[in-house]
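**Student:** Structure for this input, please:
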Amino acid sequence: MSRDAALFQLGMDLDRGSSTTQEEVSVSAAGSEAVAGQPDERKDHFILRDGKEYAGTHLIVDLWGAKRIDELDHVEAVLKRCVEAAGATLLHIHLHHFTPNDGISGVAVLAESHISIHSWPEREYAALDVFMCGDAQPHEAVEVLREGFAPSYVAVTEHLRGQGL
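**Tutor:** Alright, predicted model coming up:
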């Protein structure tokens, strides 16, 4: 395998449009975009909602009785729809398909943080974590997961990351 192909497999390629070659974009809490290096009134992108200030919303999502969690193209499409529904900015997706059980592990890296998935198709179970800061709406991703994987049961736990004392 060539060096470039090996780097591409690791998500570290320099010539194929990976996150390492993309221009960094900053999304402010007000929703406006500024190119890195240019002034922005707020650089930390902390959220202020309902009198609480925190870094972002982290959802732990368990899907039981989930379907199509062993189909790489389908999982990627669902993650992309999650990003769109949440109003987030996709930077890169990397998924790995395991054998012999056909489980999938991977991450959608976002300007606002990430969505990760680990699936156990032999148990019809998928564990996801959806973490977003700024104006993104991570809860919107949950409905997309319901539609995309048709689970019989969904458990969602929310944690506000970086919440002050």
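
**Student:** How about the most centrally placed residue in the chain: which residues does it bridge to?
**Tutor:** Taking Cα atoms, centre = their mean, the centroid of the chain lies closest to Ile115, which sits 2.1 Å from it. Beta-bridge pairing of Ile115 under DSSP bridges involves Ala108, Val130.

**Student:** Could you report the distance from it to Asp50?
**Tutor:** Going from Ile115 to Asp50 by Cβ to Cβ, to the nearest Å gives 24 Å. Any C-beta I mention is one placed from the backbone N, CA and C, and that applies to glycine too.

**Student:** In terms of pLDDT, where does the residue nearest to the centre of the chain sit?
**Tutor:** At Ile115, the model reports a pLDDT of 98.

**Student:** Could you do the one 5 residues further on as well?
**Tutor:** At Trp120, the pLDDT value in this model is 97.

**Student:** what about Glu143, which SS state?
**Tutor:** Here Glu143 is recorded as helix under DSSP: H, G, I helix; E, B strand; the rest coil.

**Student:** and it, what does it touch?
**Tutor:** Contacts for Glu143 (Cβ atoms under 8 Å, 6 or more residues apart in numbering) come out as Ala85.

**Student:** Just to be sure, Glu76 is in a helix?
**Tutor:** Yes: the assignment for Glu76 by three-state DSSP puts it in a helix.

**Student:** burial measure for it, as a count.
**Tutor:** 17 (other Cβ atoms under 10 Å).
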